[in-house]
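> This is the structure alone, sequence omitted:
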């Protein structure tokens, strides 16, 4: 009798836990398709660094549109920063193949003036390169990138801004480095 009662109780519970349709045609995201962060913002002291991809999915061969911004939000009307050819770095990883896409940059010392509450913005571009020691697959992949033929895959941009507060009255300059990550997919 106890077994019969227990079986009926379990049947009732399982029936009550069943799914019902709400009439919605929207499908919730699955665990296999995590939401990709296409905008990241980091604040440190008087500076805000933003890294943005215009989309979270691009079609194969479609140009990627991403950029970085640096905004000074301190009390002065403006500050000067010193940096390499750009204050922004866009190192990338293509996780489907496990490829690192470096971001080489010339390293002169350039001074840029940032005005308070006016973001300084630069569009990103794909760096990278290869050597005779790299695999044939990697070389072909990099050649595709260099020809603006962006192969399908999952891409992560490890963005950074790296600069010094440029103040000629101070002998040792203060280094500021902020990092952020955005990601996107390229589909066929």
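It's in. The structure presented is a predicted model; accordingly, all values stated were derived computationally and were not measured. Numbers count the residues shown, from 1 in each chain.

> okay, and for the protein, where does confidence drop off?
Of all residues in the chain, those with pLDDT under 70 make up the ranges 1-35, 169-170.

> That one: strands as residue ranges?
Secondary structure of the chain, counting by DSSP state E: strands at 39-44, 47-53, 57-59, 66-72, 78-83, 88-94, 99-101, 110-115, 120-123, 153-165, 175-187.

> For the closest residue to residue 146 other than its chain neighbours, grab the count of nearby residues.
Distance criterion C-beta to C-beta, 6 or more residues apart in numbering; nearest residue to residue 146, sequence neighbours excluded, is residue 128 at 7.0 Å. Every residue, glycine included, has its C-beta placed from N, CA and C. Burial measure for residue 128: 19 neighbouring residues, criterion other C-beta atoms under 10 Å.

> Hmm, residue 144 and residue 128 touching each other?
No: Residue 128 is beyond contact range of residue 144, at 10.2 Å (criterion: C-beta atoms under 8 Å).

> re the thing from before, for residue 140, which of the strands of the chain is the nearest?
Evaluated over the strands of the chain, closeness to residue 140 peaks at strand 99-101, with 11.0 Å, by C-beta to C-beta.

> where's residue 176 relative to residue 83, distance?
10 Å (C-beta to C-beta, to the nearest Å).

> Now for these two: what residues contact both?
Shared between the contact lists of residue 176 and residue 83 (criterion: C-beta atoms under 8 Å, 6 or more residues apart in numbering) are residues 162-164.

> of the residues you listed, closest to residue 119?
Among the shared contacts of residue 176 and residue 83, residue 163 lies closest to residue 119 (C-beta to C-beta), at 14.5 Å.

> residue contacts, that closest one?
By C-beta under 8 Å, 6+ apart, the residues touching residue 163 are 70, 81-83, 87, 112, 175-176.

> Just the buried subset of those, written out for PyMOL, thanks.
Here is the PyMOL selection string for the buried members of the contacts of residue 163, based on 16 or more other C-beta atoms under 10 Å:
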select buried, resi 70+81+82+83+87+176
